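K.L.:
what shape does this take:
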Amino acid sequence: MTYATQGDNPLVIVGAGPVGVRAAVELRRALPGAPIVLYGDEPWHPYNRVRLSSLLAGDAAWADFTAGLALPDRIETRFGCRVAAIDPLAQCVTDEAGVVQPYATLVLATGSRAHIPDIPGIALAGVFCFRALADAEALQARLARCRRVVVVGGGLLGLETARALHRYRTEVVVVEHHPRLMPNQLDQAASERLCGHVRASGVEVVLDDGPMAILGDGRVTGVRLRSGRVVACDTVVLSTGIRPNIELARDAGLAFQRGILVNDRMQASAAGIYAVGECAQHRGLVHGLVAPGFEQAAVAARVIAGEPAQYLGSLSATRLKVANWPVFSMGEVGAWEPPDLARAHVHASGGCFRKLVIRRGRLVGALALGEWRELARVQEAVQQQRRIWPWQTVRFRSGGEIWGETVESVAAWPAEATVCNCTGVTRGVLSGAIAGGCSSVAALTAQTGACSVCGSCRPLLDNLIGASSPREPIPLARRLLALSAWAMLLATLFVLPANLPYASTEEIAWHWDDLWRDDVIKQISGYSLLALAALLALIGLRKRWKRLNLLAFVHWRWLHALAGGVALTVLWSHTGGRMGDGLNQWLSLAMLGASLSGGALALFLTREHRVAPAQASALRPTLQWMHTLLLWPLPVLLGFHIFKVYYY
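P.N.:
Residues are numbered from 1 along each chain as shown. Sure thing, here's the model as predicted:
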């Protein structure tokens, strides 16, 4: 047994997958001068397991396969060197060659391996797993003489494997022991639609059945299912889940269950040892996706550096294409049973299926089959549990869209909003990288790691790069600001004790109270108000009737604010600043509510370019809908008011 020579004991990372690499990057950032040693079982440079199916199908080149996994400088790598043992008391690890490496801190990122079911025939030639690069290479070599494949497992990896194999015009049969495909991500209705689409693409699907034995004499000839059916095949690919690699930790005496037990600081049960990624069990959960592992690696690095940090769990999204059909699932979609105190809203039409799960007005889950232009915004809304208003759920049920407008630029997202869900990179980090000189997706990937896993966020990065110029105020902003401030001041005076007084004596030259007491003058001001109300309604007509092209919309919006201010002035002369009683009071309240909300909207529009994107994206539709809702009672109340005056 020999010892590696180190001046100061280094930080040692066991595991060179994406999470291990992220741990190295975060540690180098937090501790620039610390020595770091990275162990990896496999002999090649770190690669992206998520894109194995794309590599198998020929959709990704090797450069795409390793994008975003470059290691920082001054990190010692020991690839193809498996760690055989850990000694927590002596604080050292021993590799398979017997070399002992002392450590100051140990980070376990050992990942997981494919689960191999214990059934007869599992060791026959022609049975493959699909978990590592060596598996992909073996399958590629096999495809040259493969005719019919059984993929055992209809989950995320199983369907991606089936898609990749079907590209080679190979007959593919997917066998899933659950009653539906992707049981952990989709509900019954979505799974049925997905199953129909997969079958229509030419892939056979067998549900609610599982393998009892793999048949063959030396080589695979078929699979016998629980139902007794025999599916003839020459190749079997196992996609039956994963099992965390906990053997190193278990043999070292660390606490474990399904994974290595860690606390909120990602610390294992022995001092100086941390666990991140698929090998770690946090609060009873073992996350099988890469994004939570990245978050855990960042927390562990900060804790090791002496900074306060906690990992409180992750909300990850599933995005893939099954037979060129986009599938998305995130949050509490009720795959098995409806979440407590939550309500589901479904839109299904044509080639799409969409579902929202809302709890107490907040979006907590979403799933979608088919293209959805709002998907990126939906993902961010679930991540941040944004509020969804009742009228938005009505719009979603009828038309399948939540916001019903052109999806805003990614640059308008909150700085803390996650753009790349796989790596956890936020909009703020990406905007900072763009400000620092990154002008392409490749540069952003190299700098931040975004778009280095599944690649589904690439359109968002393109959007962000194209929208990085500063925002400008709307045209005529100063005029609109002055008019809206004037209108809101007049509306506010109605609810304050500032009524115009009645004339106190008959001897004065002009009785101003005749403005709201004289019948003729009141008719003039009343009809003026009616005319102004009709003029105000034209702004909505100009927005919706494209043939009405007299003046630009920005001028109509300014005239709308001007007419609103004049209308409030006339209302003052018509009422003396008094709310009235009964029907008159309700009519006054409706007018004031519409005026205040309209004034607030106009004020917001003039300042929107200076408002934080998070507030801007939420306030604008809220103020628009509030103004619209408060306008609706006005025609009815005004009609009753006119009827009462002339009838009685």
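K.L.:
show me the shaky parts of the stretch 301-450 of the chain.
P.N.:
Applying pLDDT under 70 to the stretch 301-450 of the chain picks out residues 323, 334-341, 405-409, 421-422.
K.L.:
what segments of the stretch 251-400 of the chain are helices?
P.N.:
Counting by DSSP state H, counting those that start in this stretch, the stretch 251-400 of the chain has these helices, from start to end: 290-304, 375-384, 390-399.
K.L.:
pull out the buried residues from the longest one.
P.N.:
Spelled out, that is helix 290-304. 290-304 (16 or more other C-beta atoms under 10 Å). Every C-beta, even on glycine, is put in place using the N, C-alpha and C of the backbone.
K.L.:
send the alpha carbons of it over as PDB?
P.N.:
Taking Å, rounded to 0.1, in the frame of the first residue of the first chain, the C-alpha atoms of helix 290-304 are listed here in PDB:
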ATOM      1  CA  VAL A 290     -29.400  16.000 -12.500                       C
ATOM      2  CA  ALA A 291     -30.800  19.400 -11.600                       C
ATOM      3  CA  PRO A 292     -31.300  18.600  -7.900                       C
ATOM      4  CA  GLY A 293     -27.700  17.200  -7.800                       C
ATOM      5  CA  PHE A 294     -26.400  20.600  -9.100                       C
ATOM      6  CA  GLU A 295     -28.300  22.400  -6.400                       C
ATOM      7  CA  GLN A 296     -26.900  20.100  -3.800                       C
ATOM      8  CA  ALA A 297     -23.400  20.500  -5.100                       C
ATOM      9  CA  ALA A 298     -23.600  24.300  -4.800                       C
ATOM     10  CA  VAL A 299     -24.900  24.000  -1.200                       C
ATOM     11  CA  ALA A 300     -22.200  21.500  -0.200                       C
ATOM     12  CA  ALA A 301     -19.400  23.800  -1.700                       C
ATOM     13  CA  ARG A 302     -20.700  26.800   0.200                       C
ATOM     14  CA  VAL A 303     -20.900  24.900   3.400                       C
ATOM     15  CA  ILE A 304     -17.300  23.500   2.900                       C
END
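K.L.:
who does that helix touch, helix- and strand-wise?
P.N.:
On a contact count with 3 or more C-beta pairs under 8 Å, 6 or more residues apart in numbering; DSSP states H and E, helix 290-304 meets helix 18-30, strand 105-108, strand 273-275.
K.L.:
rounded mean pLDDT for the first one, please.
P.N.:
Pointing back at helix 18-30 there. Mean per-residue pLDDT for helix 18-30: 92.
K.L.:
list the buried residues of that helix.
P.N.:
In helix 18-30, counting by 16+ other C-beta under 10 Å, buried: 18, 19, 20, 21, 22, 23, 24, 25, 26, 27, 28, 30.
K.L.:
show residues contacting whatever helix or strand comes next after that helix.
P.N.:
Using DSSP states H and E, the helix or strand that follows helix 18-30 in sequence is strand 36-40. Identification of contacts with strand 36-40 by C-beta atoms under 8 Å, 6 or more residues apart in numbering yields 10-17, 20-21, 24, 27-28, 46, 71, 74-83, 93, 95, 101, 103.
K.L.:
centre of the chain to strand 36-40, how far?
P.N.:
Its chain's C-alpha centre and that of strand 36-40 lie 32 Å apart, by C-alpha atoms, centre = their mean, to the nearest Å.
K.L.:
note down every partner strand of it and its orientation.
P.N.:
Counting by DSSP bridges, the strands paired with strand 36-40 are strand 11-14 (parallel), strand 75-79 (parallel).
K.L.:
most packed of the ones you listed?
P.N.:
Mean neighbour count, computed with mean count of other C-beta atoms under 10 Å, is highest for strand 11-14 among the strands paired with strand 36-40, reaching a mean of 27.
K.L.:
mean confidence for it?
P.N.:
Here strand 11-14 scores 97 as its mean pLDDT.
K.L.:
where does the prediction get shaky in the stretch 451-600 of the chain?
P.N.:
Counting by pLDDT under 70, the stretch 451-600 of the chain contains low-confidence residues at 452-456, 459, 466-475, 494-520, 522, 535-556, 558, 572, 576-581, 583.
K.L.:
just to revisit the earlier point, the buried residues of helix 18-30 into a markdown table, with extra columns for distance to residue 387?
P.N.:
Listed next are the buried residues of helix 18-30 as a markdown table, based on distance: C-beta to C-beta, whole Å:
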| residue | distance to residue 387 |
| --- | --- |
| 18 | 34 |
| 19 | 33 |
| 20 | 38 |
| 21 | 37 |
| 22 | 32 |
| 23 | 36 |
| 24 | 39 |
| 25 | 35 |
| 26 | 33 |
| 27 | 38 |
| 28 | 39 |
| 30 | 35 |
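K.L.:
what about the strands in the stretch 351-500 of the chain?
P.N.:
For the stretch 351-500 of the chain, the strands defined by DSSP state E, counting those that start in this stretch occupy 352-359, 362-369, 418-420, 425-426.
K.L.:
let's have those in JSON lines, adding mean neighbour count and distance to residue 235.
P.N.:
Converted to JSON lines, the strands of the stretch 351-500 of the chain look like this (neighbours: other C-beta atoms under 10 Å; distance: least, C-beta to C-beta, whole Å):
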{"stretch": "strand 352-359", "mean neighbour count": "22", "distance to residue 235": "32"}
{"stretch": "strand 362-369", "mean neighbour count": "23", "distance to residue 235": "29"}
{"stretch": "strand 418-420", "mean neighbour count": "27", "distance to residue 235": "35"}
{"stretch": "strand 425-426", "mean neighbour count": "23", "distance to residue 235": "38"}
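K.L.:
so which of those gets nearest residue 139?
P.N.:
Nearest to residue 139 among the strands of the stretch 351-500 of the chain is strand 362-369 (27.4 Å), distances taken as C-beta to C-beta.
K.L.:
from the contact counts, what lies against the closest one?
P.N.:
When contacts are defined as 3+ C-beta pairs under 8 Å, 6+ apart, strand 362-369 packs onto helix 188-200, strand 325-331, strand 352-359, helix 375-384.
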